[in-house]
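S.K.: next come a sequence and a model predicted from it.
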Amino acid sequence: MDEIVKIAIDEYEKKPDGSWVCVKNSDVTTKTGKVIRIAPGTAFSKGRTFLGLDIAEALDKISGN
């Protein structure tokens, strides 16, 4: 699985159920240099991967949750 090296937490909103929802176009950069654009409204739950990336886990780490 690739690793996220850049993600902007201000482009996501954490929901009461612990999931994260993208609130504006977000570019996620991986360790291999791949850039993935995520569209607003896309939701992520911890433990579920999106193109091999656990977006919710990365956001939880950044937010300290």
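M.R.: Great, that's in hand.
S.K.: so what's the spatially most central residue of the chain closest to, chain neighbours aside?
M.R.: Nearest to the mean C-alpha position of the chain, by Cα atoms, centre = their mean, lies Ile55 at 3.0 Å. Closest residue in space to Ile55, ignoring its immediate chain neighbours: Phe44 at 4.1 Å, by Cβ to Cβ, 6 or more residues apart in numbering. Placement of C-beta: from N, CA and C, glycine included.
S.K.: residues contacting that neighbour?
M.R.: Applying Cβ atoms under 8 Å, 6 or more residues apart in numbering, we find Phe44 in contact with Ser19, Trp20, Val21, Cys22, Phe50, Asp54, Ile55, Ala56, Leu59.
S.K.: tell me the one among those nearest to Lys31.
M.R.: Closest approach between those and Lys31, by Cβ to Cβ: Asp54, at 13.6 Å.
S.K.: residue boundaries of the helices in this structure?
M.R.: 55-63 (DSSP state H).
S.K.: which residue ranges form the strands in it?
M.R.: Counting by DSSP state E, one finds strands in the chain at the ranges 4-6, 12-14, 20-22, 26-30, 35-38, 43-44.
S.K.: what's the closest of the ones you listed to Gly64?
M.R.: strand 12-14 (11.3 Å).
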